[in-house]
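>>> Below: sequence and its predicted model.
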Amino acid sequence: MNAHQQATGSAYFIDTTKKVVETHTLAVVAANQPGVLARIIGLFAGRGYNIDSLTVSETEHEKHVSRFTIVTSGTASVVAQIKAQLDRMVLVHSVEDLTVQGNFLARELAMVKVSGQGDKRVEALRLADAFRARVVDASTESFVFELTGKPDKVDQFISLMVPLGLVEVARTGVAAISRGPDAMKI
């Protein structure tokens, strides 16, 4: 018996520790073939895992390779299971947990449409300037701002635009890469 079982007099151990949910950014290099994206998404959906952000694009045309940046949340054991299952997929070349490695860059692009007049319009322009958002479309009734930065910066900008007349948001999802000279293996 362990100490808990001895203290309670029970032969059964109930784990009462709270599971900590963490957000992890995964970089996945896979073959650029039909169905690979569906298989990766199916892995998450079939096991009830959530994808907070997914960005994918072909990165090496000659090698027919795509890079996926997946932001997901779960306990340490769930994230370890996700990585192991991704790594076992036939068309996946490599999987790296950028969060565990630390020291990585993550950026996101957002287009934010704001409608307003008078003081709200002036305030939206002032905040856009403070966030280094560019005006990519303007009319007498609305603006579309383009903003690039860390996801929390994008979140903050969007929340500030809500009372000023936020109409619509389009986000690319997170693109992430490790710092330093080393590259992901293919």
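It's in.

>>> right, and residue 55 touches residue 173 too?
Yes: applying Cβ atoms under 8 Å, one finds residue 55 in contact with residue 173, separated by 4.1 Å. Bear in mind the C-beta positions are built from the backbone N, C-alpha and C, glycine included.

>>> got the buried residues for the strand ranked longest in the chain?
The longest strand of the chain (DSSP state E) is strand 104-115. By neighbour count on 16 or more other Cβ atoms under 10 Å, the buried set for strand 104-115 is 104, 106, 108-115.

>>> on that earlier part again, which residues do residue 55 and residue 173 both contact?
In the contact map built from Cβ atoms under 8 Å, 6 or more residues apart in numbering, the residues linked to both residue 55 and residue 173 are residue 69.

>>> Please settle this for me: is residue 29 part of a strand?
Yes: according to DSSP: H, G, I helix; E, B strand; the rest coil, residue 29 belongs to a strand.

>>> Let me see the mean pLDDT of stretch 109-126.
Regarding stretch 109-126, the rounded mean pLDDT is 96.

>>> how long is it end to end?
By Cα to Cα, to the nearest Å, the extent of stretch 109-126 from end to end equals 20 Å.

>>> Need the contact partners of that stretch.
Judged by Cβ under 8 Å, 6+ apart, the contacts made with stretch 109-126 from elsewhere in the structure are 133, 135-136, 141-148, 154, 157-158, 161, 164-172.

>>> can you give me the offset of that stretch from its chain's centre?
26 Å (Cα atoms, centre = their mean, to the nearest Å).

>>> Which strand or helix spans residue 38?
helix 36-46 (DSSP states H and E).

>>> need the next SSE after that helix, C-terminal direction.
Helices and strands here follow DSSP H and E; after helix 36-46, the next one along the chain is strand 51-60.

>>> Lovely, talk soon.
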